[in-house]
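>>> no letters, just coordinates:
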């Protein structure tokens, strides 16, 4: 059984990513990505509720060996929990 890193556990708990057709592909993507960009912390700066199921947030993200990055994100309520929402890619 493969152990998950803290960053991978964070992604599973707090991110709903629709760019991939299956949960397995989502986990594989984040497992590869977190080998290079390790999220070490975050701080929510601003929350604007759009309705009961959606919010716009500004978050300071701290990655290992990098400066803090201010990121604007959309969050949705999924299965009773707030998650960062990453929509499917647009077809070109």
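Ah, there it is. Worth saying up front: this structure is predicted, and the values here are computed from it rather than measured.
>>> and the pLDDT at residue 52?
Reported pLDDT at residue 52 in the predicted model: 94.
>>> the one 10 residues further on now?
Model confidence at residue 62, given as pLDDT, is 86.
>>> could you find the closest non-adjacent residue to it?
In space, residue 62 comes closest to residue 41 once its chain neighbours are excluded; the distance is 4.3 Å by CB to CB, 6 or more residues apart in numbering. The C-beta positions use only the backbone N, C-alpha and C, and glycine is treated the same way.
>>> on the three-state scheme, the one you found is what?
With DSSP: H, G, I helix; E, B strand; the rest coil as the basis, the three-state label of residue 41 is strand.
>>> helices along this structure, start to end?
In the chain, the helices defined using DSSP state H lie at 6-14, 23-33.
>>> residue 75 is nearest to which of these?
helix 6-14 (8.8 Å; CB to CB).
>>> ok, what's across the strand from the most centrally placed residue in the chain?
The centroid of the chain falls nearest to residue 15 when counting by CA atoms, centre = their mean (3.9 Å). With DSSP bridges applied, the residues forming beta bridges to residue 15 are residue 84.
>>> doesn't residue 83 make contact with it?
Yes - A contact is recorded between residue 15 and residue 83 when judged using CB atoms under 8 Å, the distance being 5.9 Å.
>>> point out where the chain drops to low pLDDT.
For the chain, the stretches flagged by pLDDT under 70 are 1-8, 91-92.
>>> surely residue 17 meets residue 27?
No - with contact taken as CB under 8 Å, residue 17 and residue 27 are classed as non-touching, separated by 9.8 Å.
>>> what is in contact with those two at once?
Shared contacts of residue 17 and residue 27, defined by CB atoms under 8 Å, 6 or more residues apart in numbering, comprise residue 11.
>>> among the helices of the chain, which comes closest to residue 46?
helix 6-14 (17.2 Å).
>>> buried stuff in stretch 13-30?
15-17, 20, 26-27, 30 (16 or more other CB atoms under 10 Å).
>>> kindly report the same for stretch 70-83.
Along stretch 70-83, these residues count as buried under the neighbour rule (16+ other CB under 10 Å): 75-76, 82-83.
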